[in-house]
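**Q** Using only what follows, build the 3D model:
(2 chains)
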Amino acid sequence: MANMENKFVSPLFSTRIESLGALALVGALAVVSQFLNPYHLTLLTQITIFSLAAMGLNLLVGNTGLISVAHAAFMGVGAFSSAYLIQNVGMPALPAILLSGLITAATGLLFGLPSLRLKGVYLAMASFAAQIILYWVFEESRWLTGGQDGRFANRPVILGLNFHSSHHFYLLVLFLTVLGAIANLNILRSRLGRALAAVRDHPVAAEMMGINVFRTKIAAFGLATFYAGVAGALFGQYLEFVAIQAFNLGVSIQLLALVIIGGLGRVSGSILGAMFIIIIPEWLDTIVSLISDSAGDLAPTRLGVFGLIIVVFLIYEPHGLARTWQRMLGWVVARIYRHG
Amino acid sequence: MEYFLGLLINGIVVGSIYSMVALGFVLIYKATEVVNFAQGELLMIGAYFCMETIVRTRMPFIPAFLMTMIFMIILALLIERLVLRRMLGAPIISIIMVTIGIGIILRMVVIQIWGATSLPFPDVFPRKGIDFGVIKVGQVYIWSFLLSVIFMALFGIFFKFTRIGLVMRATASSRKAAESMGVPLTRIFALAWIISAIVSGVGGVLTGSIAGLTPELSFYGVKVFPAVILGGLDSIVGATISGVVIGVLENLGAGFLKDLTGLGGLGPVAPFIILVAILWVRPTGLFGTKDIERV
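**A** The predicted structure follows:
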């Protein structure tokens, strides 16, 4: 890296191996997704979409130290507005997806703006209110959401490319998620990223250093909700049907659990957390079906395990799976060096 | 007129329960800076436990009620000792999230044991209503109101006139100063959780006997958020008054706005619309301290 004269600009990845690894991972995903059976492709698509949503939430929770328990509701805003823009207004898909991200951010600010002036706990409560109010709006606005019946959302055609098949749609999701990840990494190493960390770690000191705390928090919340909106739009199009139940308080809490379990403040955490939150329930389902004949009996326990996992992670591994992963990698590397 | 009075009375009664639970919430927040998102689930589990004790052991209400209080104290101690104590000094968002996790666990325990369908609460208060001339009021409402007022008064006395109450207030006003004066912080924290669990338990038994038992009962617990925002996050007086205000507004909202706007189910949402409105207009609430909440 000869052009790295400016020491203060850290590279996107800290080692060349890491950057090659990331490139290889994306390439592998794009190729392998072709050969997956529909069930595994479904899981992979869900993981990718949830990673994108989680990146937004992680910017807010992990990097800025603010809590939102309305992330699913914001995904809902994105899903419904993009479906409405494409089907009822007749907008082309790509601008509609981006615009629904902006609409979501605007909706988020409606709830977040006053509480962002205040201590962090206020946003937690305001977002709780946002979750409840937005869900109620979804229920009541039949023209937009179809109410309890839900509404259809078509898979998009972008620049003449047709994304109707599950595999092609996955490639679109992967592309947008990679864009989201690169943007996220870039934000973190920019002035804004440092400002976010400063606001999280010591708001008063940040203010004294000349950071506008209020504006920084608005940026974080706006970004978080924008990510949620785009991810929600993709989620709706992927399912081809948007049901309001997909955006209730429980899902918001799952998303929050996701970033805690994955690793607060790290892009890798958002991805690992999404894998965890999508795959573990599938495993639990299998285990439950082995133990009891009627899977319904233990359904609440299955959800309760999530609560337990949140608590256990916060106590024993507050830096999440990203840290566990790093430690494992370090252990392996140390072994290799010792023996080689 | 009768309709209006009915809504008003219902609002005041439910509101007084909110006030009591909000009091617990503000207390924990002031003493320990923990924002307890498991408040609703604590309330719900208290209600179910009391019902189970009455139905299973055929105990009269008062011993069953005392049993519930003991259960709530043990639960609070467990939560404090097993989880919150280990989180001492962790950033506030981790603590909020840990209470969310505790809430999920409690909710799922309740659903696993008692199911998600609604159950009747045994008739612990006489069914016969008392006639006030204009309107007849069920005894469960009167008792609920009286009990919540009594509990709030008890807490008032506890904080004003006992030594432990004084220590708790000292901890609330400055944790560092209190600690350097030799206040055993962990014990104060445990006590704050006990008090919060007790008020939630009482609130649960009362709301349960008014509304019946469903897991949705936990929703009553989170109504304390609007109440404490309206009152000012750190104001005990504010929490007490605004609990009633929220209860009344919610009931009037449910009763009248439905006819006016044609929007169903506005009642449960109304307090949260108020919450957002308050944050826009007067973020420190009616009684909150002005300067400390800004960053």
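**Q** pLDDT below threshold where in chain B?
**A** Chain B contains residues with pLDDT under 70 at B:133, B:257-265, B:289-295.
**Q** if I look at A:Ala153, how far off is A:Gly108?
**A** 21 Å (Cβ to Cβ, to the nearest Å). Every C-beta, even on glycine, is put in place using the N, C-alpha and C of the backbone.
**Q** now do B:Tyr29
**A** Distance, B:Tyr29 to A:Gly108, by Cβ to Cβ: 25 Å.
**Q** and B:Lys136, how far is that from A:Trp283?
**A** In this view, B:Lys136 and A:Trp283 are 56 Å apart by Cβ to Cβ.
**Q** again but with B:Val276, I slipped
**A** In terms of Cβ to Cβ, B:Val276 sits 39 Å off from A:Trp283.
**Q** Between the two, tell me which one has more neighbours.
**A** B:Val276 (21 against 9; other Cβ atoms under 10 Å in any protein chain shown).
**Q** so who does the more buried one touch?
**A** When contacts are counted by Cβ atoms under 8 Å, 6 or more residues apart in numbering or on different chains, B:Val276 touches A:110-111, A:114, A:126, A:129-130, A:133.
**Q** A:Leu29 now?
**A** By Cβ under 8 Å, 6+ apart, the contact set of A:Leu29 is A:44, A:174.
**Q** Between A:Ala153 and A:Gly108, tell me which one has more neighbours.
**A** Between A:Ala153 and A:Gly108, counting by other Cβ under 10 Å, A:Gly108 is the more crowded of the two (30 against 23).
**Q** Let me know the secondary structure of that one.
**A** Under the three-state scheme (DSSP: H, G, I helix; E, B strand; the rest coil), A:Gly108 adopts helix.
**Q** May I have the residues that are in contact with it?
**A** A:70, A:74, A:130, A:221-222, A:224-225, A:228.
**Q** Which ones among those residues lie within helices?
**A** When DSSP state H is applied, the contacts of A:Gly108 are split such that A:74, A:130, A:221-222, A:224-225, A:228 fall in helices.
**Q** Now do stretch A:84-95: distance from first to last residue.
**A** Using Cα to Cα, to the nearest Å, one end of stretch A:84-95 lies 13 Å from the other.
**Q** Can you verify my assumption that B:Gly221 contacts B:Leu42?
**A** Yes. Contact criterion Cβ atoms under 8 Å: B:Gly221 and B:Leu42 qualify, at 6.8 Å.
**Q** Please, a PyMOL command that selects the buried ones among the contacts of B:Val276?
**A** To isolate the buried members of the contacts of B:Val276 in PyMOL, using 16 or more other Cβ atoms under 10 Å in any protein chain shown:
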select buried, chain A and resi 111+114+126+129+130+133
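**Q** nearest to B:Ala47, of the contacts of B:Val276?
**A** A:Ala129 (23.9 Å; Cβ to Cβ).
**Q** Let me know how buried the spatially closest residue to the closest one that is not a sequence neighbour is, in neighbour terms.
**A** Spatial nearest neighbour of A:Ala129, chain neighbours left out: B:Phe272 (3.9 Å); criterion: Cβ to Cβ, 6 or more residues apart in numbering or on different chains. A count of nearby residues for B:Phe272, using other Cβ under 10 Å, gives 26.
**Q** Please, which helix or strand holds B:Phe272?
**A** Here B:Phe272 sits within helix B:266-281, counting by DSSP states H and E.
**Q** Send me that helix as PDB with only the CA atoms.
**A** Extracted C-alpha coordinates of helix B:266-281, given in PDB (Å, rounded to 0.1, in the frame of the first residue of the first chain):
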ATOM      1  CA  LEU B 266     -56.900   4.400  20.000                       C
ATOM      2  CA  GLY B 267     -57.200   3.900  23.700                       C
ATOM      3  CA  PRO B 268     -54.100   1.800  24.400                       C
ATOM      4  CA  VAL B 269     -52.100   3.900  21.900                       C
ATOM      5  CA  ALA B 270     -53.200   7.300  23.200                       C
ATOM      6  CA  PRO B 271     -50.700   7.400  26.100                       C
ATOM      7  CA  PHE B 272     -47.800   6.800  23.700                       C
ATOM      8  CA  ILE B 273     -49.000   9.600  21.400                       C
ATOM      9  CA  ILE B 274     -49.000  11.800  24.500                       C
ATOM     10  CA  LEU B 275     -45.500  10.600  25.300                       C
ATOM     11  CA  VAL B 276     -44.200  11.700  21.900                       C
ATOM     12  CA  ALA B 277     -46.200  15.000  22.100                       C
ATOM     13  CA  ILE B 278     -44.700  15.800  25.600                       C
ATOM     14  CA  LEU B 279     -41.200  15.200  24.300                       C
ATOM     15  CA  TRP B 280     -41.800  17.700  21.500                       C
ATOM     16  CA  VAL B 281     -43.400  20.300  23.700                       C
END
